[in-house]
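Student: pasted the sequence and its predicted model underneath.
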Amino acid sequence: MLSRWLPFEKPLVEIEEQIDEIKRLSTSDGIDTASRQKLMDKIEQLESHKREVMRRVYSDLGPWDKVQMARHPKRPYSLDFIGALCTDWVELHGDRAFGDDGAIVAGFARFRGRPIAIVGNQKGRDLKERQARNFGQPSPEGLRKAGRVMEMAARFGRPILSLVDTPGAACSPAAEERGISEAIAHSQMLMSGLKVPILVAIIGEGCSGGAIATALGDRVLMLEHSYYSVISPEACASILFRDPAKAPVTSQQLKITAQDALRLKVIEEIVPEPLGGAHRDLPTMGKNLGDALERHLEELLRLSGDDLIEARYQRFRKLGDFDEPEREFQPELNGHA
Amino acid sequence: MVRPANLEPIQGRMQEIPANLMLKCSGCGAMLVTKDYVRDLRVCPRCGHHGRMGARERIDLLTEGFQEWDKDLTPRDPLTFPEYLPKRSSAQIKTGENDSILSGAATLNGRPIAIAASDFAFMGGSMGSVFGEKITRLFERALKERRPVITATSTGGARMQEGLMSLMQMAKTSAAVGRLREAGVPFISLLTDPSMAGVQASFASLGDLLVAEPGAMIGFTGARVIEQNLRIKLPRDFQSAEFQMAHGQIDIIVPRAKLKDELGQILSLLLD
Ligand SMILES: [Zn+2]
């Protein structure tokens, strides 16, 4: 069981196991009141120790720890979030051209009563589902399905929520043959022109082209322990050091944490995770994310469709870091983000 | 902030100095006289292999009267990424350019157009902030002046050393193409060897037409990475222009010597 947990989680899991054991003892038959009280005191003591350990561990996670958190086998995935955030979820399937990609879910639901469209990268929980969902790596047909549903959302005036959680786009001959490049490119262009609010939440991994494909929104939020990167730390390490095992080093160099992304002005907000991470308390995580999304959505709903796409264009237009000497004829002063 | 000086563009490139009299065709291995090879547009007379061209050479091949835009844009180092500055400085010295992309106005058979070309010799023609900004401005200005756009890519993709800033250039340039499309200004994306990853997965795939040079490698994930990940062996022509055309991913393949006429013809068919 311990193998499902990360190394820095192990002390916590051990404390939790002790607590469970004592709880079992305290509820067993034939235990007298005095002994039970003693055990309850012990539980309380352990609980307070646990909170202390958690605060210490999770306030000081490095970039590589965060990558591990984002990839945690117990991490809530898109469908878990949809369950926590929404009611009346109707999932839609297929790109109308080739197939239905399990790595992307798309459909409509009610978010706090309001009908919205949702697209999301979806990972699998067990080996079989992981394969069926291609480890959350979207194929061209998945992005085209997402595009189809997002276009429909715009037609019916429904805001869009995009949940990003992918280690990258599908990496296979089949994906190449069906135009994964074009699918990624087209999805971005499409999103830039949809006249309804688009909220993006990076809930786990936001890696490379597979992530930006569905991340062109009016507001981009990141969960506290998610990451967002142009390249996976492993691939970067393969290029720089010819050794993917050096990923902990490149995860530092690439500045991929939510905190880095906020500093770089690539995202609007970091959504706090419950102590110990999203997987320890999905209801609280769902509430935190839901509150943030609702706040941004309220603001965006005040804008007209034309104002939305103009603001969205400018949001990405100003991202970039370069120098340019002052000149008399300067069309636009951009870039010093 | 330590930053290399703004380098004046130099015509010609270091690898063409007369000392390199001969070179070996990477297609068939034939020894070729450099001078003749350059005159033949870097196309091997024996096997027809299309060698890589520099950005200025490419623009000269396709257009007349190139007026460069935004040439004063210089890169920064948003992540303070190790070894980025020295790597970039040596690329600047090697190519004589500030970054991996040139853009500007020119005419093609007398028709005013906007053109950009990336230079593989500059950090693999990678797209960072300068690249993304220049391409975006190119699309925006072309829209305003209603100039058809041609981009010639030769690139390994997004520039890793600028991290998320490079990823954002994919979104920015794709959004800019969207506006050009809506305005009905034509955009031809010319894909030369190699056209890969973050650039191919953004504006370069969004041309009204995708035109490729023979044998150009075009795709998202490189063949070697796919082979390693899936433990498979891919055919030699995987991701070649011919392969991509057979799979419906590009419109036409045009040999280098005929490119200019063909591009002119396409624009005429769309606009005249
Ligand atoms: Zn040859």
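Tutor: Perfect, thanks for sending it.
Student: what's the burial count for residue 198?
Tutor: Went with chain A since none was named. Residues near A:I198, counting by other C-beta atoms under 10 Å in any protein chain shown, number 27. (Each C-beta comes from the backbone N, C-alpha and C, glycine too.)
Student: oops, chain B please
Tutor: Count around B:G198 with other C-beta under 10 Å applied: 30.
Student: you'd agree it is up against B:M160?
Tutor: No. Applying C-beta atoms under 8 Å, one finds B:G198 not in contact with B:M160, separated by 9.5 Å.
Student: now stretch A:69-84: buried residues?
Tutor: A:69-72, A:75-82, A:84 (16 or more other C-beta atoms under 10 Å in any protein chain shown).
Student: now stretch B:256-265
Tutor: For stretch B:256-265, using 16+ other C-beta under 10 Å, the buried residues are B:R256, B:L259, B:K260, B:L263, B:G264.
Student: what is the nearest of those residues to B:R179?
Tutor: B:L263 (22.2 Å; C-beta to C-beta).
Student: now the phi/psi pair for that closest one, please.
Tutor: For B:L263, the backbone dihedrals (degrees, to the nearest 10) come out as phi -60, psi -40.
Student: isn't it up against B:G207?
Tutor: No. With contact defined as C-beta under 8 Å, B:L263 does not reach B:G207; the gap is 11.4 Å.
Student: so what sits against both of the two?
Tutor: The contact sets of B:L263 and B:G207 overlap at B:I188 (C-beta atoms under 8 Å, 6 or more residues apart in numbering or on different chains).
Student: B:R111: which of the buried residues of stretch A:69-84 is nearest?
Tutor: Distance to B:R111 across these (C-beta to C-beta) is lowest for A:S78, with 48.2 Å.
Student: show me which helix runs longest in the chain.
Tutor: Let's take chain A. Identified as the longest helix of chain A according to DSSP state H is helix A:33-58.
Student: chain B was what I was after
Tutor: Max-length helix for chain B by DSSP H is helix B:163-182.
Student: helices or strands up against it?
Tutor: helix A:180-192, helix A:208-212, strand A:227-229, helix A:305-317, helix B:129-145, strand B:187-196, helix B:197-200 (3 or more C-beta pairs under 8 Å, 6 or more residues apart in numbering or on different chains; DSSP states H and E).
Student: so how far is that helix from its chain's centroid?
Tutor: 16 Å (C-alpha atoms, centre = their mean, to the nearest Å).
Student: just the CA atoms of that helix, as PDB, please.
Tutor: Extracted C-alpha coordinates of helix B:163-182, given in PDB (Å, rounded to 0.1, in the frame of the first residue of the first chain):
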ATOM      1  CA  GLY B 163      10.400  27.800 -20.800                       C
ATOM      2  CA  LEU B 164       6.800  28.800 -20.400                       C
ATOM      3  CA  MET B 165       7.500  32.000 -22.400                       C
ATOM      4  CA  SER B 166       8.100  29.900 -25.400                       C
ATOM      5  CA  LEU B 167       5.000  27.800 -24.800                       C
ATOM      6  CA  MET B 168       3.000  31.000 -24.800                       C
ATOM      7  CA  GLN B 169       4.300  32.000 -28.200                       C
ATOM      8  CA  MET B 170       2.500  29.000 -29.600                       C
ATOM      9  CA  ALA B 171      -0.800  30.400 -28.400                       C
ATOM     10  CA  LYS B 172       0.000  34.000 -29.400                       C
ATOM     11  CA  THR B 173       1.000  33.200 -32.900                       C
ATOM     12  CA  SER B 174      -1.900  30.800 -33.400                       C
ATOM     13  CA  ALA B 175      -4.300  33.500 -32.300                       C
ATOM     14  CA  ALA B 176      -2.700  36.000 -34.700                       C
ATOM     15  CA  VAL B 177      -3.300  33.600 -37.600                       C
ATOM     16  CA  GLY B 178      -6.900  33.400 -36.600                       C
ATOM     17  CA  ARG B 179      -7.300  37.100 -37.100                       C
ATOM     18  CA  LEU B 180      -5.600  37.000 -40.500                       C
ATOM     19  CA  ARG B 181      -7.800  34.200 -41.600                       C
ATOM     20  CA  GLU B 182     -10.900  36.000 -40.600                       C
END
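Student: quick check: buried residues in it?
Tutor: Residues of helix B:163-182 classed as buried under the neighbour-count rule (16+ other C-beta under 10 Å) are B:163-181.
Student: low-confidence ranges in the stretch 101-250 of chain B?
Tutor: Counting by pLDDT under 70, the stretch 101-250 of chain B has no low-confidence residues at all.
Student: scratch that, the stretch 201-337 of chain A
Tutor: For the stretch 201-337 of chain A, the stretches flagged by pLDDT under 70 are A:328-337.
Student: give me the most central residue, chain B.
Tutor: Taking C-alpha atoms, centre = their mean, the centroid of chain B lies closest to B:T153, which sits 2.1 Å from it.
Student: good, wrapping up.
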